[in-house]
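I would like the atomic coordinates for the input below:
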Amino acid sequence: MIAPDPEVPKLIYSPMKYSGSLDHLSYIDVTPIIGREYTHAKISDILSASNSSTQLRDLAVIISERGVVFFREDQRDLSVEELKRFTDEVGRLSGRPSENGLHVHPLFRDPGNVRMGNGEVDENIYVINSEAAKKLYKTMPGRTTSQPKDLPREWHSDATFEECPSDFSCLLMEETPPAGGDTLWCSGYEIYDRISPPMREFLDGLTATCAQPVFKSAATAGNYEIMSPRGSPLNVGDKFAPSHPVVRTNRQTGWKSIFAGVGLHVTRINGLYDYEEKMIRDYIMRLITVNHDCIARMHWTKGAAAIWNNSCVWHAATPDTHLVPGAVRTGIRASSIGEKPYLDPASTSRREALGITN
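Below is the predicted model:
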């Protein structure tokens, strides 16, 4: 008697499939591993298309597979409401929890926040501005130091300090310096694939605490209340210390990615001795810095935009604009809030799923 084939475990979320609705747009893939740039596409055209929902859903597939998508054409015709709708719809149409929406920054009430270029404020928009950041995060340890810059600490994924972090973030750059200010994205999929199978199995069982006490200390120092809720009924209060899996499954692709292994908000890998957890975090950071083919770099131009999937990439801004006299780098970012991070036992690595062996 022939034994029946063992039942293949099913993923919690079925992987999304691309339907071809964006095939009319010209693009280049930034590297073989990560990033895609649409050189002439306008986000406003996607929003106004007769099949807008289909295009936005397909875009969610591409972002989730490529990690980050760049729109090089000037997007400054996009209104704030359209930027919000664009980001919100990409998250909604890719299957995030129905009760979730756009993130609200915890420190929205801080007087150190700067207004958008139109002079207005919006609780769902975070204004990217290095001078404003110095004021907002002045209570963060290590902000004032004479030591050389520790650039590895710049790597992060958005809102990891929340129970439900961001899935998609979209940044539209309004003003750029004549040099510098680039942003880098690194593929958590590929970093996972470059780890040996026994080590992957070990990392699969770990979680990390992602504490960010600066929000509470900033609100206390400024004598104002932290915003709550923040894009999800689970993102409430002022604790900001959730535990997330070190290895996470991307709900859109079903692929595994290193998630809470490194980053600005990751404070400790749980359950390990101090030396062990530092060794693992240093090892993952080494993989990021040594394997530069896992990185896509965006040199910003005025009006360019980028949208990325935080569950499978980290990003880092290059803090070098202070070297350019009079440099200004400002942008506006909206972030959708996804599900509580999870590791699906049925998920595989990207290379395993695609049959890549080289």
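
which stretches of the stretch 151-300 of the chain form helices?
188-193, 197-204, 214-222, 274-290 (DSSP state H, counting those that start in this stretch).

Quick check: which of these is nearest to residue 69?
helix 188-193 (15.2 Å; C-beta to C-beta). To be clear about C-beta, it is placed using only N, CA and C from the backbone, and glycine gets the same treatment.

Output that closest one in PDB with nothing but the alpha carbons.
What follows is helix 188-193, C-alpha atoms only, in PDB (Å, rounded to 0.1, in the frame of the first residue of the first chain):
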ATOM      1  CA  GLY A 188      15.400  41.200   5.500                       C
ATOM      2  CA  TYR A 189      14.400  38.300   3.200                       C
ATOM      3  CA  GLU A 190      17.900  38.100   1.800                       C
ATOM      4  CA  ILE A 191      19.700  38.500   5.200                       C
ATOM      5  CA  TYR A 192      17.600  35.600   6.500                       C
ATOM      6  CA  ASP A 193      18.700  33.500   3.400                       C
END
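
which stretch in the helices of the stretch 151-300 of the chain has the least confidence?
Ranked by mean pLDDT, the helices of the stretch 151-300 of the chain bottom out at helix 214-222, with a mean of 92.

residues contacting the spatially closest residue to residue 302 that is not a sequence neighbour?
Nearest residue to residue 302, sequence neighbours excluded (C-beta to C-beta, 6 or more residues apart in numbering): residue 176, at 5.5 Å. Residue 176 is in contact with 300, 301, 302, 328, 329, counting by C-beta atoms under 8 Å, 6 or more residues apart in numbering.

what's the burial count for the fourth one?
This points to residue 328. Residues lying near residue 328 (other C-beta atoms under 10 Å) number 15.

three-state assignment of it?
coil (DSSP: H, G, I helix; E, B strand; the rest coil).

Let's see the pLDDT reported for it.
According to the prediction, residue 328 has pLDDT 82.

list the contacts for it?
Contact partners of residue 328, counting by C-beta under 8 Å, 6+ apart, are 175, 176, 177.

ok, it to residue 113 distance?
To residue 113, residue 328 is 17 Å away according to C-beta to C-beta, to the nearest Å.

what's the answer for the second one, then?
With the distance defined as C-beta to C-beta, residue 301 ends up 25 Å from residue 113.

now the third one
Noted for residue 302: a distance of 22 Å to residue 113, by C-beta to C-beta.

neighbour count winner among these two?
residue 113 (16 against 11).

Okay, the more buried one and residue 251: tell me how far apart.
Residue 113 is 31 Å from residue 251, by C-beta to C-beta.

pLDDT below threshold where in the chain?
1-8, 130-149 (pLDDT under 70).

And the residue nearest the centre of it?
residue 310 (2.7 Å; C-alpha atoms, centre = their mean).

Once you drop chain neighbours, what's closest to that residue?
Ranked by C-beta to C-beta, 6+ apart and with sequence neighbours excluded, the top spatial neighbour of residue 310 is residue 157, at 4.0 Å.

residue contacts, that neighbour?
Per C-beta under 8 Å, 6+ apart, neighbours of residue 157: 165, 166, 259, 263, 310, 311, 313, 314, 315.

Next: residue 244.
Contacts of residue 244 (C-beta under 8 Å, 6+ apart): 160, 165, 207, 208, 210, 259, 260, 341.

and those residues, which are buried?
Buried subset of these (neighbour count, 16 or more other C-beta atoms under 10 Å): 160, 165, 207, 208, 210, 259, 260, 341.

all strands of the stretch 251-358 of the chain, in order?
256-258, 268-269, 295-298, 305-309, 313-317, 330-337 (DSSP state E, counting those that start in this stretch).

Which secondary structure elements does the longest one sit against?
The contact analysis (3 or more C-beta pairs under 8 Å, 6 or more residues apart in numbering; DSSP states H and E) places strand 330-337 against helix 80-93, strand 126-129, strand 166-175.

mind running it again at 10 Å?
Using 3 or more C-beta pairs under 10 Å, 6 or more residues apart in numbering; DSSP states H and E, the elements in contact with strand 330-337 are helix 80-93, strand 126-129, helix 130-136, strand 166-175, strand 305-309.

Please produce JSON lines containing those, extended by distance to residue 150 and mean neighbour count.
Shown next, in JSON lines, are the helices and strands packed on strand 330-337 (distance: least, C-beta to C-beta, whole Å; neighbours: other C-beta atoms under 10 Å):
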{"stretch": "helix 80-93", "distance to residue 150": "30", "mean neighbour count": "21"}
{"stretch": "strand 126-129", "distance to residue 150": "20", "mean neighbour count": "21"}
{"stretch": "helix 130-136", "distance to residue 150": "16", "mean neighbour count": "16"}
{"stretch": "strand 166-175", "distance to residue 150": "23", "mean neighbour count": "25"}
{"stretch": "strand 305-309", "distance to residue 150": "23", "mean neighbour count": "28"}
